[in-house]
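Enquirer: Mind folding the following:
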Amino acid sequence: MPRLSRCLPATLLFACLLPTARAASTVRLPPSMCAASETIFRDGFEAGAAIPSDPSNGSGGAYPGDVTRTIAVPGLGTRSYYLHLPAGYTPSRSWPLVLALRGAVAPASMASAAQQIRGNWAGWSDSQGFIVLAPVGNSTQGGWGAAGDATEIGAALDDAFAAYNVERSRVYLWGFSAGAHYGHALALNNTDFFAAYGVSAGSLEQYACTDNGAYPPTCAALLSGAQPKIPVDVHLGSTDPLASAPYTAAGDPQRFRSNGWIDGQTLFYVPFSGGHTYTAAQLGEVWNHLCPFALGP
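Expert: Numbers count the residues shown, from 1 in each chain. Alright, predicted model coming up:
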């Protein structure tokens, strides 16, 4: 069974879910690691610091393209989740993975929303060379944070690690809307599992923490305690209702800065003209900000 190095707050209805963490520092990778082809680096023509490597060495999964896998999740029974394997995938080398969390939808539409998120990332997956994993979740209201969601995500990650050769030092998270709220909590409480993460139209105070003490932890406590300072991309529209009170998402960049994040190094804040949305082009921006980071010892 998978385990967390640190469990998420019980008040947030998380459970210990992720495979045992193997690293606790952030490493910046050489530029070639984020090129469409890594041939030059892998052939030894680019010098630099040692590159973290923790391949899962999984095999047997279908590839390339869209894949649906069915797993048994403790307490939930049989569940499906969705993958996209890049066009160049081969199990002979390890590949980065993006865990992509959908926004809130009607419960009957959660599976199709997860597939849509996978499809929105697929082009970048193919051109940049990473695996996309989109779980469904089991909320009766269509969002994230229901009992069992964390267990389902952990089981999907375990299954992907076993079926494909995933580079476990380069597992990233991205979420939209409710998936971003939940993603803040999941990433910030597991900085020794995720190398970096991104949120589009998300707010720290919607799920991960509050400044007013309505429920623990406070945002200051959560962010000050996060080690290492996991790199984060924040995309937020100027007319997104979440930007202002009572949701306060526009204040999140300063919350990060006040607790040790540095603009252009560990914090990538991208305000844009628009509302509660994201675009395919923005997903490329997110990837460009997450890709340069890996977990090291």
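
Enquirer: can we go C-alpha only for contacts and neighbour counts from here?
Expert: OK.

Enquirer: Walking through the stretch 151-297 of the chain, point out its strands one by one.
Expert: Listed in chain order, the strands of the stretch 151-297 of the chain (DSSP state E, counting those that start in this stretch) span 166-176, 196-200, 232-237, 267-272, 293-296.

Enquirer: and those as JSON lines, adding distance to Gln115 and mean neighbour count?
Expert: Compiled in JSON lines, the strands of the stretch 151-297 of the chain are given as follows (distance: least, Cα to Cα, whole Å; neighbours: other Cα atoms under 10 Å):
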{"stretch": "strand 166-176", "distance to Gln115": "14", "mean neighbour count": "25"}
{"stretch": "strand 196-200", "distance to Gln115": "18", "mean neighbour count": "29"}
{"stretch": "strand 232-237", "distance to Gln115": "22", "mean neighbour count": "24"}
{"stretch": "strand 267-272", "distance to Gln115": "26", "mean neighbour count": "17"}
{"stretch": "strand 293-296", "distance to Gln115": "26", "mean neighbour count": "26"}
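
Enquirer: isn't Asp66 right next to Tyr81, touching?
Expert: No. Counting by Cα atoms under 8 Å, Asp66 does not reach Tyr81; the two are 10.9 Å apart.

Enquirer: Who has more neighbours out of these two?
Expert: Tyr81 (24 against 16; other Cα atoms under 10 Å).

Enquirer: Can you report phi and psi for that one?
Expert: Here is the backbone geometry of Tyr81 (degrees, to the nearest 10): phi -140, psi 170.

Enquirer: Please give me every residue in contact with it.
Expert: By Cα atoms under 8 Å, 6 or more residues apart in numbering, the contact set of Tyr81 is Thr68, Arg69, Thr70, Leu133, Ala134, Pro135, Val136, Ala156.

Enquirer: where's it relative to Ser109, distance?
Expert: 14 Å (Cα to Cα, to the nearest Å).

Enquirer: ditto for Gln265
Expert: Applying Cα to Cα to Gln265 and Ser109 gives a distance of 37 Å.

Enquirer: before we move on, what about Tyr207?
Expert: Distance from Tyr207 to Ser109, by Cα to Cα: 22 Å.

Enquirer: still on that earlier bit, hmm, which of the contacts of Tyr81 are the buried ones?
Expert: Leu133, Ala134, Pro135, Val136, Ala156 (16 or more other Cα atoms under 10 Å).

Enquirer: Which of those fall in helices?
Expert: Ala156 (DSSP state H).

Enquirer: Take the buried ones among the contacts of Tyr81 and keep only those in strands.
Expert: The members of the buried ones among the contacts of Tyr81 that map onto strands under DSSP state E are Leu133, Ala134.

Enquirer: Format the buried ones among the contacts of Tyr81 as CSV; extra columns: distance to Ala281 and pLDDT.
Expert: Converted to CSV, the buried ones among the contacts of Tyr81 look like this (distance: Cα to Cα, whole Å; pLDDT from 0 to 100):
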residue, distance to Ala281, pLDDT
Leu133, 19, 99
Ala134, 19, 98
Pro135, 22, 98
Val136, 24, 98
Ala156, 27, 98
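
Enquirer: Return the closest of the buried ones among the contacts of Tyr81 with respect to Ile117.
Expert: Ala134 (7.0 Å; Cα to Cα).

Enquirer: The closest one contacts Ala113, correct?
Expert: No. Ala134 lies out of contact with Ala113 (Cα under 8 Å); the separation is 9.3 Å.

Enquirer: Need the residues touching each of those two.
Expert: In contact with both Ala134 and Ala113: Arg102, using Cα under 8 Å, 6+ apart.
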